[in-house]
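Student: Here is a sequence with its predicted model. Questions after.
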Amino acid sequence: MKQIPFKAEQIPLAVACGLLLAACCLLLTACDLPAILPQSTPPTGEPETAATDLPSVAESRSEAEWEVSPTATLPSTMTRIVFWEPYPLERPEGQLLAEMARDFEKATPGVRVEVAAKSGVLGVYEAILLQLQEGGELPDLAVAFPSSIAELAEQGLVVPLDAYLNDPALGLSDADLADIYSSTLEAGRFPLLGGQLLAFPFAYSAIGMWVNDSLLAQAGWQKPPVTWTEFEQACFDVWAQTGVRCLPFVESVSVFDAWLYSRGGQQLSDDGTRAAFNSSAGADSLGLLRQMIDTGLAWRPDEEYGDYLAFARGQAAFAFSSTGNNRLYAEAYDQAVQNGTPTFDWHQAMIPQIDPSRPVTILYGPGFFILSSNPEREQIAWQLLRWLTSTAQAARWADRLAAMPLRASALTVMTDTLAAYPFIRQQAQAILPYARPEPAVTAEFQVREILYAAIISVTQGYTTPQAALDLAAWEVNAILAEQP
């Protein structure tokens, strides 16, 4: 990240020292990239080993073999396309994508799909950059975060999807479009690139609020708080009636963004050229957290991933987390019960709002995108994308992984999963429709790093919320000014 010089008179000494300490914490604390991928075990960061290839539908070969194997080795009637995805084969997600690729081939004679797993979503993007640098082969279909897709699109490497989407033969019907959650489609449109549809929904998640309904009932609350004022009151009531604290937290930019949006704020300006998070909505969000820390209602658990563990053990009334962490919370709860924690009722609700009549939370995660090649391969890549997101496959993905469904109709198919995870229906109906995407600017990862340091500086007590966010905005504006 480019260092921006500043004068001593511009930044108060106490604030500067606080941010320096926050930067040290950032080096010692796992960076808050969103937990966008459903996991049944605590997230562990990117693998150190090389990317593992999933088997092609014909046979298992290494990625290197596929890169040097000429298309001429295939039957003359066979078209080969390459799909890069972020999950290793041993993960349930990777296994399912491999199965889906095989099934697509059965349904599409004359097509071979080579699926190669990379080291996470960022690993897909980094592998593309490496291929560009070395002049290697690029995939036809891939998965990446919006900011990465935006950067590749600026180089002319991403195929706009509007023409395919609206094609009478290849596109989606009005019923299909109505079935897909509009917020996830919106996330694929890039306002700074002409509003084109450059990405298609894959594994999006939204921030919601996990609620211990049993604790709330003991404190006299029959439903979750819907405003931030009610949230504060509920926290005090639970503490007074049960002695259980309110909120275990782990610093998270995505959670901060959700709180920011729920208060009518936004991370960046509409044109993506200025920071907007240092508004009163941002300062009030961090101010509430700091106040709850000072009163003992909120705490940062010493145990790694202690926020969801504390909630699962009945030690907290609330927790803020991704809808993509369903299995994580459910398995932690089951383990806690086995270890002696009394059972309790719980679910995930919409986060509190300033105006409950217009609820908003944050949507984040990776999307599918097609890279430029030739018309035939691009069209087949679209057909694969369309097939992977069809009603049957969307339900298959959500059902197998207890994940957020891409389509509303999936809820009619996911009967077993909904029986095991009944809160998924609530998430799909009361959270996902109101989620707004994070900014799709090329500097978004840098913005998140700066915001994470600002959040740390407040939770550790180094500076005030407004001072931390103002300094972060100053640095973000300098970076955004360098964007193309």
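Tutor: Good, I have the coordinates.
Student: going forward, measure contacts between C-alpha atoms and count neighbours the same way
Tutor: OK.
Student: which ones are touching the nearest residue to Ala408 once chain neighbours are set aside?
Tutor: Leaving aside its sequence neighbours, Ala408 sits nearest to Asp179 (Cα to Cα, 6 or more residues apart in numbering; 5.5 Å). If you count contacts by Cα atoms under 8 Å, 6 or more residues apart in numbering, Asp179 has them with 407-409.
Student: Torsion angles phi and psi at Asp179?
Tutor: As for Asp179, its main-chain torsions (degrees, to the nearest 10) stand at phi -80, psi -30.
Student: so what's it scoring on pLDDT?
Tutor: Looking at Asp179, its pLDDT is 95.
Student: so how far is Asp257 from it?
Tutor: According to Cα to Cα, to the nearest Å, Asp179 and Asp257 sit 27 Å apart.
Student: top of the contacts of Asp179 by neighbour count?
Tutor: Taking other Cα atoms under 10 Å as the neighbour criterion, Arg407 ranks highest of the contacts of Asp179 with 25 neighbours.
Student: Report the separation between the closest residue to that one other than its chain neighbours and Glu90.
Tutor: Among residues not flanking Arg407 along the chain, Ile180 sits closest, at 4.4 Å (Cα to Cα, 6+ apart). Per Cα to Cα, Ile180 is found 29 Å from Glu90.
Student: pLDDT-wise, which helix or strand of this structure ranks last?
Tutor: Least confident helix or strand of the chain, by mean pLDDT, DSSP states H and E, is helix 63-68 with a mean of 31.
Student: what lines up beside the following helix or strand past that one in the sheet?
Tutor: Under the assignment DSSP states H and E, the closest C-terminal helix or strand after helix 63-68 is strand 79-85. As defined by DSSP bridges, the strand partners of strand 79-85 come to strand 111-117 (parallel), strand 141-144 (parallel).
Student: Of these, which is nearest Tyr329?
Tutor: Nearest of the strands paired with strand 79-85 to Tyr329, taken as Cα to Cα: strand 141-144 at 25.4 Å.
Student: Pull that closest one out as PDB, backbone CA atoms only.
Tutor: C-alpha atoms of strand 141-144 as PDB (Å, rounded to 0.1, in the frame of the first residue of the first chain):
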ATOM      1  CA  LEU A 141     -15.400 -19.300 -16.200                       C
ATOM      2  CA  ALA A 142     -14.100 -18.300 -12.700                       C
ATOM      3  CA  VAL A 143     -15.100 -17.100  -9.300                       C
ATOM      4  CA  ALA A 144     -13.800 -13.900  -7.700                       C
END
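Student: Buried residues, it. List them.
Tutor: For strand 141-144, burial by neighbour count (16 or more other Cα atoms under 10 Å) applies to 141-144.
Student: Just want the phi and psi numbers for Phe249.
Tutor: Backbone torsions of Phe249, given as degrees, to the nearest 10, read phi -140, psi 150.
Student: An error on my part: the question was meant for Ile128.
Tutor: The phi/psi pair for Ile128 (degrees, to the nearest 10) is phi -70, psi -40.
Student: count of neighbours near it?
Tutor: Neighbour tally, Ile128, other Cα under 10 Å: 19.
Student: Skipping adjacent residues, who's closest to it in space?
Tutor: Leu138 (6.4 Å).
Student: re earlier: now distance to Gln383 and mean pLDDT too, for the strands paired with strand 79-85, in TSV please.
Tutor: Shown next, in TSV, are these (distance: least, Cα to Cα, whole Å; pLDDT from 0 to 100):
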stretch	distance to Gln383	mean pLDDT
strand 111-117	11	94
strand 141-144	10	96
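Student: tell me which element the closest residue to Phe423 other than its chain neighbours falls in.
Tutor: In this structure, Phe423 finds its nearest non-sequential neighbour in His347, 5.4 Å apart by Cα to Cα, 6+ apart. Element membership of His347, judged by DSSP H and E, is strand 346-349.
Student: For the protein, which residues score under the pLDDT cut-off?
Tutor: Along the chain, the parts satisfying pLDDT under 70 run over 1-76, 484.
Student: which residues sit against stretch 387-405?
Tutor: With contact meaning Cα under 8 Å, 6+ apart, stretch 387-405 is reached by 38, 92-93, 96, 100, 104, 201-205, 323-324, 326-327, 406-407, 409-411, 413-414, 416-417, 421, 424, 427-428.
Student: quick revisit: may I see the buried residues of the strand holding His347?
Tutor: Counting neighbours by 16+ other Cα under 10 Å, one finds that the buried residues in strand 346-349 are 346-349.
Student: Within the sheet, what are the partner strands of it, with directions?
Tutor: Strand 346-349 pairs in its sheet with strand 205-212 (antiparallel), by DSSP bridges.
Student: hang on, the earlier thing: tell me what the residue nearest to Phe423 is bridged to.
Tutor: Applying DSSP bridges, one finds that His347 bridges with Val211.
Student: OK, contacts around it?
Tutor: Contacts of His347 (Cα under 8 Å, 6+ apart): 210-213, 423.
Student: and what of Gly287?
Tutor: Contacts of Gly287 by Cα under 8 Å, 6+ apart are 464-465.
Student: again with the one 10 residues further on
Tutor: In this structure, Leu297 makes contact with 235-236, 239, 245-247, judged by Cα under 8 Å, 6+ apart.
Student: hmm, try it at 10 Å
Tutor: 232, 235-236, 238-239, 244-248, 289, 291, 316-317 (Cα atoms under 10 Å, 6 or more residues apart in numbering).
Student: again with Ile431
Tutor: 205-209, 323, 348-351, 359-363, 424-425.
Student: Which strand or helix spans the residue lying closest to Met209 once chain neighbours are set aside?
Tutor: Excluding its sequence neighbours, the residue lying closest to Met209 (Cα to Cα, 6+ apart) is Phe320, at 4.6 Å. Secondary structure from DSSP H and E places Phe320 in strand 318-322.
Student: Give the other helices and strands that that strand contacts.
Tutor: strand 205-212, helix 213-218, helix 228-242, strand 247-248, helix 253-262, helix 306-312, strand 346-349, strand 361-364 (3 or more Cα pairs under 10 Å, 6 or more residues apart in numbering; DSSP states H and E).
Student: is it true that Glu449 touches Ser254?
Tutor: No - if you go by Cα atoms under 10 Å, Glu449 and Ser254 don't touch, sitting 11.5 Å apart.
Student: between these two, who's got more neighbours?
Tutor: A direct count of neighbours by other Cα under 10 Å for Glu449 and Ser254 places Ser254 higher, at 25 against 19.
Student: Quick check, the more buried one in contact with Gln266.
Tutor: No - in this structure Ser254 lies outside contact range of Gln266 using Cα under 10 Å: 11.9 Å.
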